[in-house]
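In: Could you look at this predicted model? Sequence included:
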Amino acid sequence: MTTFLNLMVVLVPFLLITAVFSRITIVELTLPAASGGATSVEPNFRIEVIVREAGLEISNAKTVIAVIPKVDGAYDLATLSDMVIALKREYPDSNDASVLLEPEIEYDHLIQVMDVVRSSILPRSSLDEADNPNQGDADDQGVIRIALFTDISIGDAP
Amino acid sequence: MVPKMNITALMDIFTILVFFLLVNSATTEVLETPKQITLPASVVEEKPRETIVIFISKNDVTVQGKSVVRTNDILQAETQNIDAIGQRLGELSENVIGLSTETIAQSREVTILADREVPFAVIKRVMSTCTSRGYEKISLAVLQKAPETRLSQN
């Protein structure tokens, strides 16, 4: 019995120390080549999320639709998420979006904003009635992940 | 006289733990989590692939193991493309020694591991240097966040 215990006392700490519990996954981007590929037909609606030092802005490539200021010093991703879901409901066919950032913004914010724009979770019951998400019904396993704008391109804020 | 301690329960725990950890360490990763930088977290699920790895920490930039340029220099450079990185990418596509370097060189794909606090301007310059060298597919490495099963707002 003690020999088994000796083995365990050596093996378990060693495996605990060398165990990796976080996985690396990747966000794929495809950028046009520097030689200039032909761009496809301009879609009739382009959504752009501009990340500035002061807050977030959503625009339609020409005019700003919404301005979301920072809350408590951090970007208000919840409001952004609600607005992107609403925009997706209005334009269910367009899948592309641009995220434009000012040069000094941290890389982490880029990833968070891309996450919000790419997909979101909704309570499962809300798919039955398209208008009002039934917030009271979001119990266990009652949420699914839906794709919003999957084709995201990155650029500089004007 | 010392009463004998009953350690059956302890052995049970250790046995379960050992089996769990053995299985966990058996599933090895293509890309290992770097210790010096903190990757941002995201909910994406695509697995990383065998490509050229560009590692951007707060102090310097490393391409496939060889330190190339300092992050501060990138911020001050005037051009959009960074020559040192471009040169290193060119070397890598020419120095095809074995099978693994050949798959890497032919994939025309780059994986960027950057610390979460790196400013966007640096990432943009690195990405534009890569595209100017023909590496159009760029992937950003992130830590996988557990998917949310419950709405946290309201």
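Out: Yes, it's here.
In: Report the secondary structure element holding residue A:94.
Out: Assessed by DSSP states H and E, residue A:94 sits outside every helix and strand.
In: my guess is it contacts residue A:47, does it?
Out: Yes. Judged on C-beta atoms under 8 Å, residue A:94 makes contact with residue A:47 at a distance of 7.3 Å. The C-beta positions use only the backbone N, C-alpha and C, and glycine is treated the same way.
In: residues in contact with residue B:85?
Out: Going by C-beta atoms under 8 Å, 6 or more residues apart in numbering or on different chains, residue B:85 touches B:54, B:61, B:63, B:68-69, B:126, B:129-130.
In: Residue A:68: which of those residues is nearest?
Out: residue B:126 (28.7 Å; C-beta to C-beta).
In: which SS class is that closest one?
Out: Three-state call for residue B:126 (DSSP: H, G, I helix; E, B strand; the rest coil): helix.
In: That one: neighbour count?
Out: Using other C-beta atoms under 10 Å in any protein chain shown, residue B:126 is surrounded by 24 other residues.
In: what about it, distance to chain A?
Out: 11 Å (C-beta to the nearest C-beta, to the nearest Å).
In: Phi, psi for residue A:153 please.
Out: phi -120, psi 160 (degrees, to the nearest 10).
In: Quick check: bridge partners of it?
Out: Beta-bridge partners of residue A:153, counted by DSSP bridges, are residue A:98.
In: Can you tell me how far the residue lying closest to residue A:103 once chain neighbours are set aside is from residue B:69?
Out: Nearest non-adjacent residue to residue A:103, counting by C-beta to C-beta, 6 or more residues apart in numbering or on different chains: residue B:121, 3.7 Å away. Relative to residue B:69, residue B:121 is positioned 14 Å away (C-beta to C-beta, to the nearest Å).
In: ok, now which ones touch the residue found closest to residue A:87 once you drop the neighbours it is linked to in the chain?
Out: Sequence neighbours aside, residue A:47 is the residue nearest to residue A:87 in space, at 5.9 Å (criterion: C-beta to C-beta, 6+ apart). Taking C-beta under 8 Å, 6+ apart, we find residue A:47 in contact with A:58-60, A:84, A:87, A:91, A:94, A:97-98, A:117, A:149.
In: Secondary structure element for the residue most central in space within chain B, which one?
Out: With distances taken as C-alpha atoms, centre = their mean, the residue of chain B nearest its centroid is residue B:113 (4.3 Å). Residue B:113 is part of strand B:109-114 when elements are defined by DSSP H and E.
In: any residues touching the top helix by length along chain A, and which ones?
Out: The residue-count maximum for a helix in chain A (DSSP state H) belongs to helix A:2-18. With contact meaning C-beta under 8 Å, 6+ apart, helix A:2-18 is reached by B:7, B:10-11, B:14-15, B:17-18, B:21-22, B:24-25.
In: That helix: which residues count as buried?
Out: Buried residues in helix A:2-18, defined by neighbour count with 16 or more other C-beta atoms under 10 Å in any protein chain shown: A:8, A:12, A:15.
In: Check the gap between the second one and residue B:33 for me.
Out: With the distance defined as C-beta to C-beta, residue A:12 ends up 22 Å from residue B:33.
In: picking up where we left off before, let's see which of the contacts of helix A:2-18 end up in strands.
Out: Counting by DSSP state E, none of the members of the contacts of helix A:2-18 fall within strands.
In: filter these down to the ones close to chain A.
Out: B:7, B:10-11, B:14-15, B:17-18, B:21-22, B:24-25 (C-beta under 8 Å from any C-beta of the partner chain).
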